[in-house]
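What follows is a protein structure lacking sequence information:
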């Protein structure tokens, strides 16, 4: 059996459940029933066949109605490993763009970041080029940027803390920098953070990134190594990210989620969240609000 979770916090109507069941029926997916996870927020539709057809039918309905939908096997919805991107996923900004603002070159850096996240540039080359432009920026700008610009994504703490309370492991793996990833991971509740190291000499950025670079291959290797170390089947894993460098990690997960993602990433993922925040991934696992851990 399969489960399609319809998600629209505070906006989901009973009619959406009925429309979803009708769409599944018309797609030949043999729907069985629909039930609230949290009334008005999220509902599960159970069906017996053709998850690809179900996803296509329900995503068409979701686009028209403004909700998210995640389709997956009903077994093993509760994940035991979460591997997540940081920038524009677990936090609301791209740290390198915000750091560049302190050097007066945000627009120049942000254009390269956007192209890299869309998969239009080689990630390592784009990272090196952007960091080189930050050479001689006073290292004190890092602390200012972290304090003034970095905001945790809505739902991030609830997602990580709820999963960890249920025995899951949570890993933050970022193409950004340890100076941001380490404190972000600690604040949210991740077990470990993996990220790039900015070169700093004499109190200033030296324009270099330490090797090896954390890139798309690193992200995929990380989720696979963590899964093996925990003795998990692939279906027990979840990955979430927004950029092209997240695609290998997303595709290696049991539930790979494109979160408010670039088009290439959204097209490559098995699930996508376009409207809601990260609590969508709690409802997708069948967790009602009463089960969430927020402190």
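Looks like it arrived, so ask away. Being a predicted model, the structure only gives us computed values, none of them experimental.

does the closest residue to residue 242 other than its chain neighbours count as helix, strand or coil?
Among residues not flanking residue 242 along the chain, residue 261 sits closest, at 4.3 Å (CB to CB, 6 or more residues apart in numbering). Using the backbone N, CA and C atoms, a C-beta is placed for each residue, glycine as well. Classification of residue 261 by DSSP: H, G, I helix; E, B strand; the rest coil places it in coil.

Could you report the neighbour count for residue 261?
27 (other CB atoms under 10 Å).

Could you check how many residues crowd around residue 125?
When neighbours are counted by other CB under 10 Å, residue 125 comes out with 12.

Secondary structure element for it, which one?
Counting by DSSP states H and E, the element that carries residue 125 is helix 123-133.

Tell me if I am right that residue 5 is in a helix.
No - assessed by three-state DSSP, residue 5 does not belong to a helix; its assignment is strand.

tell me the contacts of it?
Contacts for residue 5 (CB atoms under 8 Å, 6 or more residues apart in numbering) come out as 37, 42-45, 69-71, 283-284, 286.

hmm, try it at 7 Å
37, 42, 44, 69-70, 283-284 (CB atoms under 7 Å, 6 or more residues apart in numbering).

And these, which is closest to residue 174?
Residue 174 has its nearest neighbour among those in residue 284, at 22.6 Å by CB to CB.

that older thread, let's see the PyMOL selection covering just the buried ones among the contacts of residue 5.
Selection of buried members from the contacts of residue 5 for PyMOL, criterion 16 or more other CB atoms under 10 Å:
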select buried, resi 37+42+44+69+70+283+284
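
Quickly note the distance from residue 224 to residue 123.
19 Å (CB to CB, to the nearest Å).

same check, this time on residue 73
32 Å.

which one of the two has more residues nearby?
Between residue 73 and residue 123, residue 123 has the larger neighbour count (other CB under 10 Å), namely 19 against 13.

Tell me, how many residues neighbour the residue nearest to residue 75 when sequence neighbours are not counted?
In space, and not counting its chain neighbours, residue 75 is closest to residue 235: 7.5 Å by CB to CB, 6+ apart. A total of 16 residues lie near residue 235 under the criterion other CB under 10 Å.

55 is where my numbering starts, stick with that
Taking 55 as the first residue, the last one we looked at is residue 289.

I'd like to check which residues are in contact with residue 289.
127, 130, 308.

Surely the last one is in contact with residue 291?
Just to be clear, that refers to residue 308. Yes - counting by CB atoms under 7 Å, residue 291 is a contact partner of residue 308 at 4.6 Å.

what is in contact with those two at once?
Common neighbours of residue 308 and residue 291 (CB under 7 Å, 6+ apart) are residue 133.

So for those two, which residue has more residues nearby?
residue 291 (26 against 22).

can you pull up the bridge partners for the more buried one?
Using DSSP bridges, the bridge partners assigned to residue 291 are residue 135.

and residue 72, backbone torsions?
phi -60, psi -40 (degrees, to the nearest 10).

what's the burial count for the closest residue in space to it that isn't next to it in sequence?
Closest residue to residue 72 apart from its sequence neighbours, by CB to CB, 6+ apart: residue 88 at 7.6 Å. By other CB under 10 Å, the residues close to residue 88 number 19.

how about residue 88, what does it touch?
Residue 88 neighbours (CB under 7 Å, 6+ apart): 71, 74-75, 97-99.
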